[in-house]
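[1] Here is the input, now give the coordinates:
(2 chains)
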Amino acid sequence: MIKLKVNRKEYTVDINPETPLLWVLRENLGLTGTKFGCGMALCGACTVHLDGEAVRSCVTPVARAEGKEITTIEGLSLDSGHPLQQAWIAEDVPQCGYCMSGQIMSAAVLLRENPRPADADIDAAMAGNICRCGAYQRIRRAIHLAARIQGQGGGR
Amino acid sequence: MEKTDVSSQVLTQLAVKIMLVIAALCLGALAPSTWAADDRDDAGARAAFLKAYPVFMHPRCLNCHPAGDAPLQGDDSLPHAQNVQRGPEGRGRYALKCANCHQAANLPGENLPPGNPKWHMPPPGMRMVFQGKSPGDLCKQLKDPAQNGGMTLEELIDHVSHDKLVLWGWDPGNGRSKPPSHVEFVDHLRTWVKKGAACPE
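    Here you go, the predicted model:
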């Protein structure tokens, strides 16, 4: 049995401790906002927060997450009011949308550690999140907008 | 009377000699045993370092000791995909910190992230660059506590013998080549230190 705390809620899961966290989130807990992309930590679609860091859940054994705070896209805010979520809607960022929860979870770490990121900071934070629709320019614009919203205290 | 004087003189001289020997032994114990002057052999030290050098230049060791700020990957030592950078503590930056993908152990299968509990690269304040260093330059860097993480030569030997991240180089997971023998590598470095740690030209 493994005890997990996901989006401020506690769960107990009967699972092999080497199972990737992504499988547990999607298959056992029904949190399907986090996506499976490559399964090799290469694309970023499966990014979730583990104690605030943007880990690749497809290669993270669930045992590593025990006793830590796990946050998925469903728990990033209570009502989709995180500055990044507001900015993503305002800039109409997604095309197919498949990579977007991973993009937002990575960008959230960037904005926490650097509230006014320059383009180079965005490159340094986001180059590991691949978007096959090529929405990179809209992602960049949305991160700048989210920084302004956050700076004005506009997040929820 | 004379005999007594002579024998007391001999005894005094003997006592002084014994004290000198004890003092010398004490000093010897304080100084690193590897630095005994009798062992000094500059040519032998240089030769031993040159035998250890290929390990430092092997991709498993060199890839995390790059000249730039991106770690390298693969046997061709290309810059790490995803624009991964050294970061303020040698543990990556923002959403691309080392431990976000690298776990505490190698993941089974080829082309999956290798892992170790200590996975990181040298921090920006102590870059410990291997890439592009000649044997002489690398040798001088390894000897300099200001550039080697504050280690004495004895601590350096201990580090290359036991450090878990160093040892990972010889247990790198599926699909990765290994450096030459770890036992011989440590032996060469021990010999280098024992013979006075002279550096190649």
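[2] mind listing the helices in the chain by residue range?
    By default, I'm working from chain A. Assigned by DSSP state H, the helices in chain A fall at A:21-23, A:62-65, A:83-90, A:100-113, A:119-126, A:136-151.
[3] wrong one, I was asking about chain B
    Along chain B, the segments classed as helices by DSSP H run B:2-30, B:42-56, B:59-62, B:98-101, B:135-143, B:153-162, B:164-168, B:182-194.
[4] who in chain B is up against chain A?
    Proximity of chain B to chain A is confined to B:81-85, B:93-97, B:99-101, B:103-104, B:107, B:111-113 under the rule Cβ under 8 Å from any Cβ of the partner chain. For every residue, glycine as well, the C-beta is placed using N, CA and C.
[5] who's in contact with the residue nearest the centre of chain A?
    By Cα atoms, centre = their mean, chain A has its centre lying nearest to residue A:105, at 2.3 Å. When contacts are counted by Cβ atoms under 8 Å, 6 or more residues apart in numbering or on different chains, residue A:105 touches A:47, A:48, A:49, A:54, A:71, A:72, A:73, A:76, B:95.
[6] what's the closest of those to residue B:164?
    Of all those, residue A:54 has the smallest distance to residue B:164: 24.9 Å, by Cβ to Cβ.
[7] mind checking pLDDT for residue 156?
    The chain I'm using is chain A. According to the prediction, residue A:156 has pLDDT 72.
[8] right idea, wrong chain: chain B
    The model reports residue B:156 with a pLDDT of 97.
[9] What's the local residue count around the nearest residue to residue A:154 once chain neighbours are set aside?
    Take residue A:154 and drop its neighbours on the chain: the residue closest to it by Cβ to Cβ, 6 or more residues apart in numbering or on different chains is residue A:83, 6.2 Å away. Using other Cβ atoms under 10 Å in any protein chain shown, residue A:83 has 26 other residues around it.
[10] Then residue A:31?
    Residues lying near residue A:31 (other Cβ under 10 Å) number 19.
[11] Equivalent analysis for residue A:11, please.
    Around residue A:11 sit 15 other residues, with neighbours defined as other Cβ under 10 Å.
[12] Report pLDDT for the closest residue in space to it that isn't next to it in sequence.
    Nearest residue to residue A:11 in three dimensions, chain neighbours excluded: residue A:4, at 4.8 Å (Cβ to Cβ, 6+ apart). Each residue has a pLDDT score; the one for residue A:4 is 98.
[13] What of the one 10 residues further on?
    pLDDT, the model's per-residue confidence, is 97 for residue A:14.
[14] Hmm, residue A:104 and residue A:126 touching each other?
    No - with contact defined as Cβ atoms under 8 Å, residue A:126 does not count as touching residue A:104 (10.5 Å).
[15] Now render the helices of chain A as CSV, adding mean pLDDT.
    As requested, the helices of chain A are exported to CSV (pLDDT from 0 to 100):
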stretch, mean pLDDT
helix A:21-23, 98
helix A:62-65, 98
helix A:83-90, 98
helix A:100-113, 98
helix A:119-126, 96
helix A:136-151, 98
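[16] Mind putting the ones you listed into JSON lines with distance to residue A:34?
    Formatted as JSON lines, the helices of chain A follow (distance: least, Cβ to Cβ, whole Å):
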{"stretch": "helix A:21-23", "distance to residue A:34": "6"}
{"stretch": "helix A:62-65", "distance to residue A:34": "13"}
{"stretch": "helix A:83-90", "distance to residue A:34": "15"}
{"stretch": "helix A:100-113", "distance to residue A:34": "6"}
{"stretch": "helix A:119-126", "distance to residue A:34": "17"}
{"stretch": "helix A:136-151", "distance to residue A:34": "18"}
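[17] so what's residue A:42 up against?
    By Cβ under 8 Å, 6+ apart, the residues touching residue A:42 are A:130, B:81, B:82.
[18] just curious, which of the residues you listed is nearest to residue B:167?
    Nearest to residue B:167 out of the contacts of residue A:42 is residue B:81 (Cβ to Cβ; 25.3 Å).
[19] dump the residue contacts of that closest one.
    Residues touching residue B:81, when contacts are defined by Cβ under 8 Å, 6+ apart, comprise A:42, B:73.
[20] Good, we can wrap up now.
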